[in-house]
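In: Give me the fold of what follows.
(chains A and B)
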Number of protein chains: 2
Amino acid sequence: MADAAAKEWRGQVLRSCITSAGDLRLAVAEEVIAAPAEGEVVVRVQAAPINPTDMGLLFGPADLSAARLEGSAEQPVLVAPVPPQAMPFVALRLDQPLPAGVEGAGVVVAAGLGQEWLLGRTVAMLGDGAYAQYRRIAAADLLVLPEGTDPADAASALVNPLTVLGLLETAKQNGHKALVHTAAASSLGKMLIRACRQDGVPLVNIVRREEQVAELRALGAEHVCNSAAPDFRQTLTQALQETGATACFDAVGGALTGRVLGAMEAAAARRATQYSRYGSDVLKQAYVYGALDRSPIEISRSVGLSWSVGGWLLFNFLRQVDAATLARLHRRVCDELRTTFASSYAASISLADAVRPDMVAAYTQQRSGAKYLINPQL
Amino acid sequence: MADAAAKEWRGQVLRSCITSAGDLRLAVAEEVIAAPAEGEVVVRVQAAPINPTDMGLLFGPADLSAARLEGSAEQPVLVAPVPPQAMPFVALRLDQPLPAGVEGAGVVVAAGLGQEWLLGRTVAMLGDGAYAQYRRIAAADLLVLPEGTDPADAASALVNPLTVLGLLETAKQNGHKALVHTAAASSLGKMLIRACRQDGVPLVNIVRREEQVAELRALGAEHVCNSAAPDFRQTLTQALQETGATACFDAVGGALTGRVLGAMEAAAARRATQYSRYGSDVLKQAYVYGALDRSPIEISRSVGLSWSVGGWLLFNFLRQVDAATLARLHRRVCDELRTTFASSYAASISLADAVRPDMVAAYTQQRSGAKYLINPQL
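Out: Purely as a prediction, here's the structure:
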């Protein structure tokens, strides 16, 4: 264990490397963290979730069904082959052991000049490298949480909450008054249900299984449609007509994106009183922020002519948002960390657990509500 | 023939009606035009093109292979069955004889109070109803052309020129510096080639046949790619890399939209120096303004995360554009009517010709460069 007077910190870290020989190597390694410079701190990481967005960096296009364990008990390495045809897509990361873990929380154990006030505070961090026992980071990049916050409660304080709030900001800027969400039974989906209820924004939730309909209804969701049900199109169109939803936050893609926009156009057509060859003039938008369905996004021409679909990425939003808005969003996350933005986890695992093939098979499934948390101190 | 002192004008007009019995009836009818009110004029229409956008109103979903001619020589009627399953989509237009022809040009033959200065002037008109011998219209809705302009030269002065200029404005507003155009051998495509050359905007033209490559090269186009060629992806990516084009004006849709965006991402990746799991941060946009391919628009995930695709409609653009910009675009159309915005036609036909099944079969083909012009005075 390190303390604030130490000159350096020695700790374990998870690194993902794709070798030019065609292997993915996900390794627990040891690294040394130098003392923080001016404006920096060292954080002892205690909780970092495994988010869908982490999978690409952790595993790339490796064939995990052929994964095996190498290395020692202290420094285990998961090794899995990368199919030759996928190698060109990872050319820019070859032979580089990359730090992983896009967010996490911990306690500040050392502070550079000017940041002494942060010592002992719980903080949340954004940016690859959270799967590590210690991390040196610029204080400006931290979200500082209220005194006494449990790091486990703050592990998912950034990616999901800021995605929810960023999507809501984006939709508001584009004039949308009611929303649709796909993959609505996810952790993020539950946050969105609570945030929309608080903001008075009507929300149509789309899930893929009947038990998720009941689960979200129990959370207070008013409109929940099951995309696997035979009457999906009817119930969705009805909900869209009732809410007037014209924006879709889409974590899925594939054919679903176009089905939602088509139903929005059908709902708009029901309200039309005059024929137009161009369809309705209601702007229907989908913000595709996830890719649970990797097949091509399909938009049929029954959406009319007023529509747009685009990728939405938290990091692009954060680059564009003004400082006052970001401060407002951060404040809301802090205020509602244990309510609106509460997360739950299927299990808490160690860095060594995270490279075990059986564990990898479990957490790469991306089932709704089965999120894993890494505690690097275990 | 009417004159300015007359109280009313009697003339032929084309009207499209879908009956509740399930027939499309495209008829040459006679109508009486009342004298213009304050702010209005009566235009003697001399030239109105058949644009792709006119097809939907003229024929709806009728089965034209079963079309037959009824009525008299003076008032012929094309009758064609509408498939029962398509009837719900036209419910809002049933049993209404709709005026057709989204643009046209003619000479002002009568003027309401305050518009006397327009008498004898050649004007271009936008909005359904140009397939008529006489038309009463608000003077504010006219584009008044330079003295002595031949109406045949002004027939296509609005839809294609304003689409070209509107798309260029939209792309500029979104920061794009170089462009792609699909269906580039169209009348509109040739206008765009000339406008981009004049503005110094690099343009990548996509055509579907090898002879169109030569045709556009002869017009001075630098980058022309044939989407039917086996090396399309390579030549397109190369042209995108050379030009840095990040916006696509897309008249086609289907799989082509996603292929273009994917090639833009591949071109951006060639310039990348560092690995990013999110792909490039270059925003790639497609403005879908036509539907030559009616199958669903397909966007594969190889486009990365910074992309957007949406419908683009001239009439939506015109509703949103500010008056100063619109005046600037109108002025450019007038100045360059016989150069940048020159159109040519396969044939000039009468209103009665326009309902003949053999003629309908010819002009509904929408072959590049085979545009028809209606002269209602023939």
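In: which element is residue A:55 on?
Out: Using DSSP states H and E, residue A:55 sits within helix A:52-59.
In: In terms of secondary structure, what does that helix contact?
Out: strand A:8-18, strand A:23-34 (3 or more CB pairs under 8 Å, 6 or more residues apart in numbering or on different chains; DSSP states H and E). Any C-beta I mention is one placed from the backbone N, CA and C, and that applies to glycine too.
In: Neighbouring strands - and their directions - for the helix or strand just after it?
Out: Beyond helix A:52-59 in the direction of the C-terminus, DSSP H and E gives the next helix or strand as strand A:68-71. Strand pairing for strand A:68-71, using DSSP bridges, gives strand A:76-81 (antiparallel).
In: for the partner strand, what is the average pLDDT?
Out: Average pLDDT, strand A:76-81: 97.
In: before we move on, the earlier item: relative to chain B, which of the helices and strands packed on helix A:52-59 is closest?
Out: strand A:8-18 (9.5 Å; CB to the nearest CB).
In: For the closest one, list every residue counted as buried.
Out: Of all the residues in strand A:8-18, those buried under the rule 16 or more other CB atoms under 10 Å in any protein chain shown are A:9, A:11-18.
In: Report all helices and strands that that strand contacts.
Out: strand A:23-34, helix A:52-59, strand A:98-99.
In: for the ones you listed, which one ends up most surrounded?
Out: Of those, the one with the most neighbours on average (mean count of other CB atoms under 10 Å in any protein chain shown) is helix A:52-59, at a mean of 19.
In: got the angle for it vs strand A:8-18?
Out: 80 degrees (axes from the mean of the first three to the mean of the last three CA atoms, to 10 degrees).
In: Enumerate the residues of the stretch 51-200 of chain A near chain B.
Out: The stretch 51-200 of chain A comes close to chain B at residues A:53, A:56-57, A:90, A:92-93, A:96, A:98, as judged by CB under 8 Å from any CB of the partner chain.
In: Quick check: which element contains residue A:197?
Out: Going by DSSP H and E, residue A:197 is part of helix A:187-199.
In: between whichever helix or strand comes after that helix and helix A:187-199, how many degrees?
Out: The helix or strand immediately downstream of helix A:187-199 is strand A:203-207, counting by DSSP H and E. On the basis of the same axes, to 10 degrees, strand A:203-207 is oriented at 160 degrees to helix A:187-199.
In: Mind listing the strands strand A:203-207 pairs with, and their directions?
Out: With DSSP bridges as the test, strand A:203-207 is paired with strand A:179-182 (parallel), strand A:223-226 (parallel).
In: what's the last one in contact with?
Out: Same thing as strand A:223-226. With CB atoms under 8 Å, 6 or more residues apart in numbering or on different chains as the test, strand A:223-226 has contacts from A:184, A:202-210, A:212-213, A:216-217, A:232, A:235-236, A:239, A:242-243.
In: switch to 10 Å and redo it
Out: Identification of contacts with strand A:223-226 by CB atoms under 10 Å, 6 or more residues apart in numbering or on different chains yields A:178, A:180, A:182, A:184-185, A:193, A:202-217, A:231-240, A:242-243, A:245, A:260, A:263.
In: Mind checking what helix or strand follows that strand in sequence?
Out: Sequence order places helix A:232-243 as the next helix or strand after strand A:223-226, per DSSP H and E.
In: ok, residues contacting that next one?
Out: A:177-180, A:201-206, A:222-227, A:229, A:231, A:245-246, A:248, A:256, A:259-260, A:262-271, A:284.
In: show me what contacts residue A:273?
Out: Taking CB under 10 Å, 6+ apart as the definition, contacts of residue A:273 comprise residue B:92.
In: one step back: so which two of the buried residues of strand A:8-18 are the farthest from each other?
Out: The span of these, defined through CB to CB, is set by A:9 and A:18 at 27.6 Å.
In: about what we covered before: mind telling me which of the helices and strands packed on strand A:8-18 the model trusts least?
Out: Mean pLDDT across the helices and strands packed on strand A:8-18 is lowest at helix A:52-59; the value there is a mean of 92.
In: Show me how far that helix is from its chain's centre.
Out: Helix A:52-59 has its C-alpha centroid displaced from the chain centroid by 11 Å (CA atoms, centre = their mean, to the nearest Å).
In: what's the span of stretch A:288-300, first residue to last?
Out: Taking CA to CA, to the nearest Å as the measure, stretch A:288-300 stretches 16 Å from start to finish.
In: same question but for stretch A:35-55, I mixed them up
Out: This stretch, stretch A:35-55, spans 30 Å end to end (CA to CA).
In: Enumerate the positions of that stretch that are buried.
Out: Neighbour counts over stretch A:35-55 (16+ other CB under 10 Å) mark A:35-36, A:40-54 as buried.
In: Sitting in strands, which of those do you find?
Out: A:40-49 (DSSP state E).
In: Need these in a markdown table (columns: distance to residue A:323 and pLDDT).
Out: Output for those, formatted as a markdown table (distance: CB to CB, whole Å; pLDDT from 0 to 100):
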| residue | distance to residue A:323 | pLDDT |
| --- | --- | --- |
| A:40 | 21 | 95 |
| A:41 | 21 | 96 |
| A:42 | 26 | 97 |
| A:43 | 23 | 97 |
| A:44 | 29 | 97 |
| A:45 | 27 | 98 |
| A:46 | 29 | 98 |
| A:47 | 27 | 98 |
| A:48 | 26 | 98 |
| A:49 | 26 | 96 |
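In: give me the low-pLDDT residue ranges for chain A?
Out: Judged by pLDDT under 70, chain A has its weakly predicted residues at A:1-6, A:366-369.
In: which residue packs closest to the closest residue to chain B within the stretch 101-250 of chain A, ignoring adjacent ones?
Out: In the stretch 101-250 of chain A, the residue that lies nearest chain B is residue A:128 (9.1 Å; CB to the nearest CB). Excluding the flanking residues, the one nearest residue A:128 by CB to CB, 6 or more residues apart in numbering or on different chains is residue A:99, at 5.2 Å.
In: Quick check: buried residues in the helix or strand hosting residue A:153?
Out: In this assignment (DSSP H and E), residue A:153 forms part of helix A:151-154. Using 16+ other CB under 10 Å as the burial criterion, the residues of helix A:151-154 that qualify are A:151-154.
In: dump the residue contacts of residue A:255.
Out: Neighbours of residue A:255 in contact, by CB under 10 Å, 6+ apart: A:227, A:293, A:295-300, B:296.
In: Leaving out sequence neighbours, find the closest residue to residue A:175.
Out: The nearest residue in space to residue A:175 (CB to CB, 6+ apart) is residue A:283, at 7.6 Å.
In: Can you report how many residues neighbour that neighbour?
Out: Other residues lying near residue A:283 total 19 when counted by other CB atoms under 10 Å in any protein chain shown.
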